[in-house]
Structure formats: C-alpha cells, structure tokens
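> Quick one: sequence plus predicted model below, questions after.
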Amino acid sequence: MRLKIITLNIAVLLFTTICFAQHSGNSVIDNSYNRQTESSHTINKLYLSDTSFLVEANVLTNVIADNYVVTFGVSDTATTLKDANSRIDTRIQNFIAALTKMGIAKTDIYVDMTTQTEIADYKVMRNYAEQYISGFEQKKNVIIQFKNISDLDKMVITASEYGIYDIAKVDYNVADVNKIYLQLFQVAMDIINSKKKLYTMATNVQLLPSSEIYSDTYYSISPSQQYKSYSPNVSTVFQDNDYGKRKNLQKNTTYYYDKINYSGFDKVINPVVIEPSVEFVLNLQLKFYIDKEKK
C-alpha cells in the first residue's frame, strides 16, 4: 500500500458574527448580530437646501457594566417525572448553598423552570419496533445577579461540581443610562456647534438664531452582540494509490470580543478597552435655517 498525503496549513480567518465567549455563555455559538445597526452611523452627512441645512454628530462611549446576570442551564433525567424533579432540585440547592458561601445573596438567585419532556425509546421485536416512554427530562435555569465579573469564573467551577456545565447567557447591565445620554448629548452639541461655525464660514451664509432637533437616536450595544469567531482552515491534498484510511484534524473555533468599528464617529469616549463593555451611541441631527435676507 502506497499512501501519499500533502498537507498545507493555511490560517484563514473565517469571521462570523455571534452572544459572548470569554464571559458570554454558549448562546454565542448560534447567535447572529445584524450589522445593519452598526453600519447606520458610519457615514456622516451634511444635508443642504435653499432654506436650511442639517448638521449631525455621531458619538460613542464604552461603559463598564455595573452588574451582571448569568443564566446556568440545568437538566436531569429519571424514569419518573417526580424523580427527575427531585434529582435536579437537589443539585440546584447544593449549587445555591455553595454560591451563598461565595458571598452571593439568596435574593440575587432565582430558579426558573423551563421545560419538562418525555424521553422516547423503542422495543425491537424481530422486524417490529414499538416506541414507548422510557423516562422524563426536567430542565431549569439558575439565574444569578452579581457585581464582579471575576466572580463568574468561580461560579463556573462551582457549577461543574454539581454537573452544571451550560452557561446559557450573560447580561451586562448599566445602572444610569440617562447620565450617559446627557454626557453624549453635550459632546454631540459641542461637535455640531463647531461644524456649524465651519460650514457658515465656508458657505458665507447667515443663520437664523433658532434651530430644531431633527433626529435624536440613542441606543446601546451589548458585548453579547460583539463576539466573532475564526477557525484555521486546513487544506489537504489526499492521494490514495491503494486502499487506505484517512483521519482529519479536528478544527477548533476561537471566539473573541470585537468592539464596534469607530469609523464614522466624530468622537469616541473611552476608546481603548480591554474588558468587554456596553457601547452607547448617540446620533444627533440639528436643523438650522438660513436667513434669506442676509444671504
């Protein structure tokens, strides 16, 4: 048997948009984020007419969350629903007891029952198979509020001691979003006034003293929406002159946090971040009227 394999390792970044890896939960695997929201602010435009023009400002800030909520998925099976529920409750209560020893208050923990399903199996008799209910599966979520993101690693390890391995998701919460809006609004106004001065100098027009807010768009982007992935692509040329077996290499997927693209923003507050942050965006447009008598 003569077997010849030529392997070319090519590191190819296969980007896909996907909700948290490092501190995210498994929802990152199949959660896709529509980039239409992100691209909506990347083009800064000036709108002109004979009587008025619009000036806009795009500003962004990165904010570290004030607290977090993690959801652990728990499941258990037994031949009866009562036993399945008893088994899962025992594991959850032991998990909660361990969490309280970590300093997490019971009032910050909530258990949510999600589903209970029947487990089907088959009895095979010669050429005949009959389906029957062989047991039950009970699923519940343990939802925990906490303040320090470093505690998540401790909770993951503690959860594994009770056979809990599924982190469904992690929510990042910011307490005072109105304070952030006021900060962004003031920065946006400073930018608009600066642009207005430049535009009037360039066009040599006079403006009426009043103006109006034409558009005010304020939103946030959670870190769960900002994780991407890539996988190294292994290209193999396989030549089998005789009979032979082939075993492929396992491909690993890497997930990483990727902040929003800063292109198109007039100002970014706290631009350099190493910890996944909640990103707040304000797009503000003001309409100014031209004084026709002084044009």
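Okay, I see it.
> Identify each buried residue in stretch 281-290, please.
Within stretch 281-290, the residues scored as buried using 16 or more other CB atoms under 10 Å are Val281, Leu282, Asn283, Leu284, Gln285, Leu286, Lys287, Phe288, Ile290. For the C-beta atoms, the positions are set from N, CA and C on the backbone; glycine is no exception.
> what about the strands in the stretch 51-200 of the chain?
Taking DSSP state E, counting those that start in this stretch as the criterion, the stretch 51-200 of the chain carries its strands at 52-63, 67-78, 109-125, 128-146, 166-173.
> What sits closest to Lys287 if chain neighbours are left out?
Distances taken as CB to CB, 6 or more residues apart in numbering put Tyr214 closest to Lys287, at 4.3 Å, once the chain neighbours are dropped.
> got the contact list for that neighbour?
Counting by CB atoms under 8 Å, 6 or more residues apart in numbering, Tyr214 touches Leu54, Gln285, Leu286, Lys287.
> now Thr117
Here Thr117 is in contact with Phe136, Glu137, Lys139 (criterion: CB under 8 Å, 6+ apart).
> Quick check: pLDDT value at Thr200.
pLDDT for Thr200: 87.
> Tell me which helix or strand the residue nearest to Lys287 sits in.
Following DSSP states H and E, one finds Tyr214 within strand 207-221.
> And that strand, how far out from the chain middle?
Relative to its chain's centre, strand 207-221 lies at 29 Å (CA atoms, centre = their mean, to the nearest Å).
> swap in stretch 168-176?
10 Å.
> can you pull the buried residues of it?
Going by neighbour count (16+ other CB under 10 Å), the buried part of stretch 168-176 is Ala168, Lys169, Val170, Asp171, Tyr172, Val174.
> Just the C-alpha atoms of that stretch, please, in CSV.
Taking C-alpha atoms only, stretch 168-176 is exported to CSV below (Å, rounded to 0.1, in the frame of the first residue of the first chain):
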residue,chain,number,x,y,z
ALA,A,168,-26.9,30.0,28.6
LYS,A,169,-26.1,33.7,28.6
VAL,A,170,-24.6,36.6,30.5
ASP,A,171,-26.3,40.0,30.5
TYR,A,172,-24.3,43.3,31.1
ASN,A,173,-26.3,45.9,32.9
VAL,A,174,-25.6,49.7,33.2
ALA,A,175,-27.5,51.4,36.0
ASP,A,176,-27.7,55.1,34.9
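> ok, now which ones touch Ala129?
Tyr122, Lys123 are the contacts of Ala129 under CB under 8 Å, 6+ apart.
> what's across from it in the sheet?
Ala129 forms beta bridges with Val124, as assigned by DSSP bridges.
> Is the spatially most central residue of the chain part of a helix or strand, or is it coil?
The residue lying closest to the centre of the chain (CA atoms, centre = their mean) is Ser224, at 1.2 Å. Following DSSP: H, G, I helix; E, B strand; the rest coil, we place Ser224 in the helix state.
> hang on, it packs against Val170?
Yes - counting by CB atoms under 8 Å, Val170 is a contact partner of Ser224 at 7.0 Å.
> For stretch 253-266, buried residues please.
So, applying 16+ other CB under 10 Å, buried residues of stretch 253-266: Tyr255, Tyr257, Lys259, Ile260, Phe265, Asp266.
> can I assume the first one sits in a helix?
No - residue assignment for Tyr255, taken from three-state DSSP, gives strand, which places it outside any helix.
> In this structure it contacts Gln226, no?
No - Tyr255 is not in contact with Gln226 according to CB under 8 Å; the separation is 10.9 Å.
> for the longest helix seen in the chain, packing partners?
In the chain, taking DSSP state H as the definition, the longest helix is helix 177-203. Helix 177-203 is packed against strand 52-63, strand 207-221, strand 267-269, strand 278-290, with contacts defined by 3 or more CB pairs under 8 Å, 6 or more residues apart in numbering; DSSP states H and E.
> Could you pull out the buried residues of it?
For helix 177-203, burial by neighbour count (16+ other CB under 10 Å) applies to Ile180, Gln183, Leu184, Phe185, Val187, Ala188, Ile191, Ile192, Lys195, Lys196, Tyr199.
> how much space between the fourth one and Asp216?
The reference is to Phe185. Distance, Phe185 to Asp216, by CB to CB, to the nearest Å: 8 Å.
> Kindly report the same for Ser52.
Separation of Ser52 from Asp216 (CB to CB): 17 Å.
> Show me which of the two is the more surrounded one.
Between Ser52 and Asp216, counted using other CB atoms under 10 Å, the more crowded position is Ser52 (16 against 13).
> you'd agree that one is up against Ile290?
Yes - here Ser52 reaches Ile290: they are 6.2 Å apart, a contact under CB under 8 Å.
> that older thread, which one among the buried residues of stretch 168-176 gets closest to Asp108?
Nearest to Asp108, judged by CB to CB, of the buried residues of stretch 168-176 is Asp171 at 13.2 Å.
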